[in-house]
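Q: model this:
(one chain, ligands or ions: 2)
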Amino acid sequence: AIALILLMNAFLGLRQEYRAEAALEHLKDLAAPQVWVLRDGQLKQIAASQLVPGDLMRLEPGDRLAADGKLLKGQGIIVDESLLTGEAAGVAKMLGDEVFAGTLLTQGTGFIEISRTGIKSAKGKLAHLLSTLENEKTPLEMRLERFSSQIARWILGLALIMVVAGIFYEGVAHFTSIFLFAVALAVAAIPEGLPAILTTTLALGTERMAKHNAVVRRLSAVEALGSVTVIATDKTGTLTENRMQVRTLDSPNSQLALKTMVIASEADLDSGAGDPVDLALLDYASQHGYRAETILKNSAVVSAKPFDSTWKYMRLSLEEDGKIGSYFKGAPEVLLSKSSLSQKAQTDWLEKLTAYGFEGYRSLGLATSSGESETHLDFLGLVLLHDPARAEVPEAIRRSQAAGIRIIMMTGDHPATALAVANTVGIRDGRVLLGSELDAMSQEELGNSLKDCHVLARVSPEHKLKVVEALKASGEIVAVTGDGINDAPALKRSHVGIAMGIRGSEVSKEVADLILLDDNFATLVKAIEEGRSIYSNIQKFIRFLFATNLAEVLLIVSGIILALVLGWHNLDSSLVLPLSAVQILWINLLTDALPALGLALDKNLGAIEEKPRDPKSPLLDTLSIIYVVFSASLLATAATLLFWYFSQQGNDLGLGRSMAFYILVFGQLGYVFSTRQLSHKTRPNWFLMGVVVLTALLQVAINYLPPLQTILGLSSLSHEHLLLVLGITIVLSLVSSLFSTLIKPHH
Ligand code: ADP
Ligand code: MG
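A: Ligands and ions are numbered 1, 2, ... in the order given. Next up is the predicted model:
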C-alpha cells in the first residue's frame, strides 16, 4: 500500500511538471521572432523558422538576423557582429557582402538573400544563446526552496528523535514499524511538493497572461510585476493607437513636400511593412498622385542616414539627372536648426508647431538640400499626423494610479503634443521635462523632479536609461517600456523590461522580461493585476499546506503523549499511535497536490486595487503565520479529542484512530476555503470545488469498500459517526474562516 501511494504521488508530481513545462513551451512559441520576406513578388510576414535558402528577407534597424545571407539591396547598412566576434564596433556592409545569422542590424534598411538557415548558419552553433525563455529559478522559487529545506531539516530531526525514543521505549524488535512511521511522518510533514507547485502556479499564471496578450519571457518577472511602483511608458503606440494618419500638410511648396514625403519614407505601402509614420506619409502622397515607383524610377540612391530616436530625423540622398540631392524628414526643431531660414522665420514655424502640438497633432518636418549636405537645408514645412489615444488606456491609467502605481510618459515627441496626449489619457500634469533639461541634472536631482513631473518629451533612449537609474536610486520598482533598438539598455536595467510585440525591434524583445503582443498599455496593467493575483494564490496554498501539515504533526505528537499517559498499547505491546504510516501517506496524497493546484487556478478580483507589494515581504507573512498556527491547532485539537473519546468507545481502539483519520482529511478540505479568506475575493473556482467534492466522496467511499478499509487499517464508521465528522468539519472551517476575516486588515 505504501509503495502504491508513493507511486501515485510521484505520478501526480510528474503530471504537474509536464503541465508547467507545456505552458512555458507555449510561451516560447508566442515570443518567436517574425521576419518579412519577399515571396511571389509580395512582402509577407512569416516566422523566422520558416525561412529557406533563396528567400529575400527585408531588414530594419533592430532586427536580429535569423539566417546567413548576402546583402542585395540597401544603403548605410551597419551590423553589430559582437555576438559572433566579440567585437562591439559596428561593421559596415556593402552590396554583395555576407551577413551572418545572430548579428544585429543597427542601421539602414535593405534586403538580403538567404543562403544558410538553421543549424547550417552561423547562429546554429550559438543557437542556445538567443531568444529562448530563460528557465533560471526566480527569487521566489529560490527563497521557497531554502525555506522548504529548512523545514525538512527540522522534520527530519523530529523523525530521528522519534526513532530513537521509539526504540528506547519499545525495543529494537519494533524497529521496522517505528522506522516506517517516522518516514511516513517525514513525507507528510515536509512540503516536498511545494517548489513544484510554485512553478506550476507561475506557469499557469503566465498562460493566463498570454491569453491577455502579455507574454512572459522571464518567470521572475511575474513576481516583480506585483511590486511595480512606477511605470515609465512610451507614448506612441502604447498609449496611442499608432494608426498614423496625415491630416494636413502645411507647406508653401506642397509639390516638393509631397515628393520629399515619398522619397524619405522607407516602407512598403502595398504590404504594410515599415514604420507607421512612413506608411502614413506614403499613403497621403499616393492619394495626391505621388507614388514611389514613378518618383524613384530615374534615380539612384547615393547614401542614407536612417531614423533614430537619438538624432530624430532621417536623410536619403539621390542622384537624379546627374545631380545629387538630399531629402529629409524628422523632428521639426532639429531640421529647422539645420536650415538656412532666418531666426524670425524659424520662430514662426516653432510657434505654429507648439500650437499644433496643443491640438494633439504629431508634427514632422520636411526639408531638402543639394548634395549630401546636412546643413543649410531648405525647410519645406510641416506634416500633421493624428494618432488617437487608445480607448482603453484612460481607464487603465486611472486603475493603476488608484493602485499606487505612478505613470511617467516618456516620448521623443514635441512637449506640446506630449502634454496634449497626457491630458487625454489622464496623466494630469502641467509640467514637461525636456530631454535637454535632463542632461543637466544629476541623478539625485532627476529622482526628485520625477516625484512630481510625469511627462518627459524630446527624450532619447539614453535619457530613458538615466530615468530608470534615477527611479531605481530613489527606491522605486520600475517597469519600463521600449520599442527601439537603443532601448535595450533601459529595458535591461529596469526591474521589469517591457517590449512591444508589433512595433518592437527584435533586440528589445530579446532583453525584455515581458512582451505586450498588442503593444497596449492596458495589457500591461492587466499583466500587473495577474502578477499580483498569482502571488496571492501562491500565498494561499502555502498557508494551506503549512496549516494542514502542522495539524498532522501536532496530532501525532499529542496522540503519542495521550497514549503514553493513558498507557494505550496494542496487542504486541507497542504504543497506540493516532495515525498509521499508510494513513499519513494517504492523507498526504489526497490533500496536498490537487487542492494546491486548484488554489493556483483561483481568479482573484480586485488585485489591482491594492498598494504594490514590498518585494522583501516574506511569503509567509505575520498574518499567515497566525492563521497557520491557529488553524492547525484547531484541527489537531479536534482530532486528538476524537481520538481520545472514541478510543474508549466500541470494542477496539481502531474507532478512535478512524475518527481522527477522517476528521483530518475532511478538516483539511475545509481549510481550502478558509485559507482564501485572507486574500482577495475570487470568482467561483469550479475546478477547486470539483477537487474538494471528489476527494470527500472518495474518502466516504472507503467506508463502504472493505478491502480499502483493510489496507488503510480503518474500522467501519456508522452514519452517525460520518455525520458527526461532517458537522465538526463545517464548524472547524467556519471558525477558521471567521478567524481569518477578523485578523485581516480592512482598508
Ligand atoms: P515617440 O516617443 O513618439 O515614439 P520617437 O523617439 O520615435 O518618439 O520620435 C521622435 C521624433 O522623431 C518624433 O516626434 C518625430 O518628429 C520624429 N520621427 C519619428 N518617427 C520618424 C521617422 N520614421 N522618420 C523621421 N522622423 C521621425
Ligand atoms: Mg517611436
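Q: okay, CA-based contacts and neighbour counts for the rest of this
A: Noted.
Q: Going toward the C-terminus from the least confident helix or strand in the chain by mean pLDDT, what's the next helix or strand?
A: In the chain, the helix or strand scored least confidently by mean pLDDT, DSSP states H and E is helix 82-85, which has a mean of 76. Using DSSP states H and E, the next helix or strand after helix 82-85 towards the C-terminus is strand 91-93.
Q: Please work out which residues outside the next helix or strand after that following strand touch it.
A: Later in the chain than strand 91-93, the nearest helix or strand by DSSP H and E is strand 98-99. Residues from elsewhere that reach strand 98-99, judged by Cα atoms under 8 Å, 6 or more residues apart in numbering: Asp68, Gly69, Lys70, Leu71, Lys93.
Q: cool, and stretch 540-551?
A: So stretch 540-551 is contacted by 188-191, 194, 592, 596, 599-600, 620, 624-625, 627-629, 631-633, 635-636, 668, 671-672, 675-676, 679 (Cα under 8 Å, 6+ apart).
Q: same thing with stretch 295-314?
A: Defining contact as Cα under 8 Å, 6+ apart, one finds that stretch 295-314 is touched by 75-76, 107-109, 259, 262-264, 315-321, 324, 328-331, 334-335, 372, 412, 459-462, 484.
Q: what do you get for stretch 402-411?
A: 228-236, 397, 400-401, 418, 422, 427, 453-459, 464, 608-612.
Q: Repeat the analysis, applying 6 Å as the threshold.
A: 229-235, 454-457, 459, 608-611 (Cα atoms under 6 Å, 6 or more residues apart in numbering).
Q: Over to stretch 456-473?
A: Contacts of stretch 456-473 with the rest of the structure, by Cα under 6 Å, 6+ apart, involve 309-310, 409-415, 432-435, 443, 447, 486-487, 490.
Q: In strands, which of the residues you listed fall?
A: Those of the contacts of stretch 456-473 mapping onto strands are Met409, Met410, Leu433, Leu434, per DSSP state E.
Q: so which of the residues you listed is the most crowded?
A: The residue in those with the most neighbours, by other Cα atoms under 10 Å, is Met410 (30 neighbours).
Q: helix or strand for the nearest residue to it once chain neighbours are set aside, which one?
A: Closest residue to Met410 apart from its sequence neighbours, by Cα to Cα, 6 or more residues apart in numbering: Leu456 at 4.7 Å. Assigned by DSSP H and E, Leu456 belongs to strand 455-457.
Q: Please list the residues of this protein that sit near ligand 1.
A: Contacts of the chain with ligand 1, taken as Cα under 6 Å from any ligand atom, map to 234-236, 275, 277-278, 307, 309, 312-314, 329-331, 363-364, 411-414.
Q: Mind doing that once more with 5 Å?
A: Contacts of the chain with ligand 1, taken as Cα under 5 Å from any ligand atom, map to Thr236, Ser309, Lys312, Tyr313, Lys329, Gly330, Ala331, Leu364, Thr411, Gly412, Asp413.
Q: Closest one to Val691 out of those, please.
A: Nearest to Val691 out of the residues of the chain next to ligand 1 is Thr236 (Cα to Cα; 46.8 Å).
Q: what about the closest one, helix or strand, and which?
A: Using DSSP H and E, Thr236 is not contained in any helix or strand.
Q: Tell me the backbone dihedrals of it, please.
A: When read as degrees, to the nearest 10, the backbone of Thr236 gives phi -70, psi 120.
Q: which intervals of this structure have sub-threshold pLDDT?
A: Along the chain, the parts satisfying pLDDT under 70 run over 123-137, 650-653, 747.
Q: and Gly360, how far is that from ligand 1?
A: 12 Å (Cα to the nearest ligand atom, to the nearest Å).
Q: what secondary structure does that residue sit in?
A: coil (DSSP: H, G, I helix; E, B strand; the rest coil).
Q: same thing with Arg398?
A: Arg398 is classified as helix under three-state DSSP.
Q: Give me the nearest residue to it, chain neighbours excluded.
A: In space, Arg398 is closest to Gly426, 7.1 Å off (Cα to Cα, 6+ apart).
Q: so what's the residue most central in space within the chain bridging to?
A: In the chain, the residue lying closest to the centroid (Cα atoms, centre = their mean) is Val216, at 3.8 Å. Beta bridges link Val216 to Leu514, judged by DSSP bridges.
Q: That one against Leu514, yeah?
A: Yes: the criterion here is Cα atoms under 6 Å, and Val216 meets it with Leu514 at 4.6 Å.
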